[in-house]
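Peer 1: Coordinates for the following, if possible.
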Amino acid sequence: MSNFASVKRQFLVLLSSRLLAAAIQAIVGVVLARTTGPGNYGEISAFAGVTFFVFVVCGLGIPNYLSRARALKQHDVVASALFINATGSFVGVAIVVIPLLAGMYTLTSGTILALLVIGTAFEKNADAALAVLIADGDQFNPAANVLLRRLITAASFFGLLKLGQDPVNAYCLASAFGPALGQAHVHVLLNRRGVDRANRASSTQILRRALPFAINDVAVQSRSLVVMIVAAVTTPVAAGLYSGAAKMIAPSELAASTLGGVILPRAAVMTARQQRSTALKLTALAGMIFPCAALLAAVSEPVVVFLLGEEYRAAATSFAVLSLTLPLLVLSSPMAALLQGMHHERLLSRGSIAFAVGLLVAVLVGAVLGGATGAAFGVLAATGLKALWLVTAVVMLSRRGR
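Peer 2: You can find the predicted model right below:
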């Protein structure tokens, strides 16, 4: 089987499972949005976004670095990187939970929100560990783990609602339970492969080598701060409207990250010709997705009202604009993975910082001028420019054979 065919097969298996998982997660999100209203939903979304960003920072770039190290058979590096990742998660929990317990957030009790934070830690740990299995070419276990987490979370959420729990409390409890079981499952899988028993490399060297990956991760995930920015310069209701629209395109981000996760370890062993060919195929794929995105934008209002309810009708324009980012998102993540696999992670990190700053400034200006819709236009402009830069960088560097 050719290298691209192998990538395609693993990607399709993982994508199928993650899209199903995303659909399950979307149903949970829609029910939460409907039962809390735009204001409260905007607040919980902003908190979740900031929490996620903290864990990306504390992840220190390990998940993507892990993938390449595993592909290059650096088993001592993999063992140490997993330990560093777990330590970073503990630090992330402390950073977010301590202010919560001090009463700095009032939407619901700090103890309940702490469960959401702990669940996010389990999510990040499990995703990092799955990078090892994906680099090994495993198709079934990563897919099963993602589905396990989402199914348990959804079952817990709806079960707690049925028992009369407050929607926000039910969401926080369920968001801890599902990922905890997923973390236990992936730990068993790694033990079976002897990953935890391997000798460890120097943590200092790993942190230094992973730094460009960390910079890129933080820069890319700065978009999780968009809801917080919209809430800060407009109102919680506007933030809820934007968040509702953004949640509806989340499956495309999942598809992009899945493809990136599959491509990165293989890019490390591709020839320059294979790298360039993969980049061109990805660009063609994005081109084929664009008409679908335009159609989705054209019917945004009935789609938003049907899924989120009449309260979110004003989010239709934001959803239409964000729909046009779909092909750009599908293109950007795998292109970034190609650059990392080609050992150009430092170039990528510098570019990602510049585009992250541009994104946040564009969102800030857009939100001030046009609320949720203005923020969406800011996201579209920044995402488009970054996608163009990534394609140009990959094609030019692969032609040079670097």
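Peer 1: pLDDT below threshold where in the chain?
Peer 2: Within the chain, the stretches with pLDDT under 70 are 1-11, 102-110, 194-202, 251, 254-255, 258-270, 400-402.
Peer 1: in the stretch 1-150 of the chain, which spans are helices?
Peer 2: Using DSSP state H, counting those that start in this stretch, the helices of the stretch 1-150 of the chain run over 3-58, 62-71, 75-101, 110-135, 140-162.
Peer 1: out of those, deepest packed?
Peer 2: Stretch with highest mean neighbour count among these: helix 62-71 (a mean of 27; mean count of other Cβ atoms under 10 Å). For every residue, glycine as well, the C-beta is placed using N, CA and C.
Peer 1: what packs against that one?
Peer 2: helix 75-101, helix 110-135, helix 203-220, helix 250-267, helix 326-341 (3 or more Cβ pairs under 8 Å, 6 or more residues apart in numbering; DSSP states H and E).
Peer 1: now the angle from it to helix 75-101?
Peer 2: Here helix 62-71 runs at an angle of 170 degrees relative to helix 75-101 (axes from the mean of the first three to the mean of the last three Cα atoms, to 10 degrees).
Peer 1: just so I know, which of the helices and strands packed on helix 62-71 lies nearest P38?
Peer 2: helix 250-267 (17.5 Å; Cβ to Cβ).
Peer 1: Now for E253: which residues touch it?
Peer 2: Taking Cβ atoms under 8 Å, 6 or more residues apart in numbering as the contact definition, E253 lies against 329, 333.
Peer 1: mind running it again at 7 Å?
Peer 2: E253 sits next to L329 when contact means Cβ atoms under 7 Å, 6 or more residues apart in numbering.
Peer 1: And V363, by the same measure?
Peer 2: Per Cβ under 7 Å, 6+ apart, neighbours of V363: 226, 229, 375, 378-379.
Peer 1: hang on, the earlier thing: okay, the helices of the stretch 1-150 of the chain in TSV with distance to Q183 next?
Peer 2: Output for those, formatted as TSV (distance: least, Cβ to Cβ, whole Å):
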stretch	distance to Q183
helix 3-58	13
helix 62-71	14
helix 75-101	10
helix 110-135	4
helix 140-162	9
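Peer 1: looking at the ones you listed, which is closest to V368?
Peer 2: helix 3-58 (16.8 Å).
Peer 1: Among the contacts of V363, which one sits closest to A131?
Peer 2: V226 (25.5 Å).
Peer 1: Let me know the helix or strand that the closest one is in.
Peer 2: helix 226-233 (DSSP states H and E).
Peer 1: got the contact list for whatever helix or strand comes next after that helix?
Peer 2: Moving toward the C-terminus from helix 226-233, the next helix or strand (DSSP H and E) is helix 236-248. Contact partners of helix 236-248, identified using Cβ under 7 Å, 6+ apart, comprise 26, 29, 33, 38-39, 41-43, 45-46, 227, 230-231, 307-308, 312, 314-315, 318-319, 322, 371-372, 375-376.
Peer 1: could you redo the last one with a cut-off of 6 Å?
Peer 2: 29, 33, 38-39, 41-43, 45-46, 227, 230-231, 308, 312, 314-315, 318-319, 322, 371-372, 375 (Cβ atoms under 6 Å, 6 or more residues apart in numbering).
Peer 1: swap in stretch 28-39?
Peer 2: Counting by Cβ under 6 Å, 6+ apart, 41, 154, 157, 167, 171, 236-237, 240-241, 244, 247, 307-309, 311 sit against stretch 28-39.
Peer 1: let's go with 8 Å and repeat that
Peer 2: 41, 44, 153-154, 157-158, 161, 167-168, 171, 174, 235-237, 240-241, 244, 247, 250, 307-309, 311-312.
Peer 1: Over to stretch 81-90?
Peer 2: 55, 58-60, 62-63, 65-66, 69, 121-122, 124-125, 128-129, 132, 190, 195-196, 200, 203, 206-207, 210.
Peer 1: on that earlier part again, what's the closest of the helices of the stretch 1-150 of the chain to L285?
Peer 2: That would be helix 3-58 among the helices of the stretch 1-150 of the chain, by Cβ to Cβ, at 10.9 Å.
Peer 1: Would you check that A336 makes contact with L390?
Peer 2: Yes. With contacts counted by Cβ atoms under 8 Å, A336 reaches L390, the gap being 6.1 Å.
Peer 1: quick one on the thing from earlier: what is the most widely separated pair among the contacts of V363?
Peer 2: Greatest spacing in those, by Cβ to Cβ: I229 and V379 (10.8 Å).
Peer 1: Now do the helices in the stretch 301-402 of the chain.
Peer 2: Going by DSSP H, counting those that start in this stretch, the stretch 301-402 of the chain shows helices at 316-323, 326-341, 345-400.
Peer 1: Which one, of those, ends up nearest to A219?
Peer 2: So among the helices of the stretch 301-402 of the chain, helix 345-400 is nearest, using Cβ to Cβ, at 3.6 Å.
Peer 1: ok and that closest one relative to helix 62-71, angle-wise?
Peer 2: 50 degrees.
Peer 1: Now do helix 345-400 and helix 3-58, the angle between them.
Peer 2: 160 degrees.
Peer 1: residue contacts, A174?
Peer 2: Contacts of A174 (Cβ under 8 Å, 6+ apart): 28, 152-154, 156-157, 160.
Peer 1: Please apply the same query to V304.
Peer 2: Contacts of V304 by Cβ under 8 Å, 6+ apart are 244-245, 248, 312-313, 315-316, 319.
Peer 1: from the middle of its chain, how far away would stretch 358-367 be?
Peer 2: In this view, stretch 358-367 has its centroid 20 Å away from the chain centroid, taken as Cα atoms, centre = their mean, to the nearest Å.
Peer 1: Same question for stretch 29-49.
Peer 2: On Cα atoms, centre = their mean, the centre of stretch 29-49 falls 18 Å from that of its chain.
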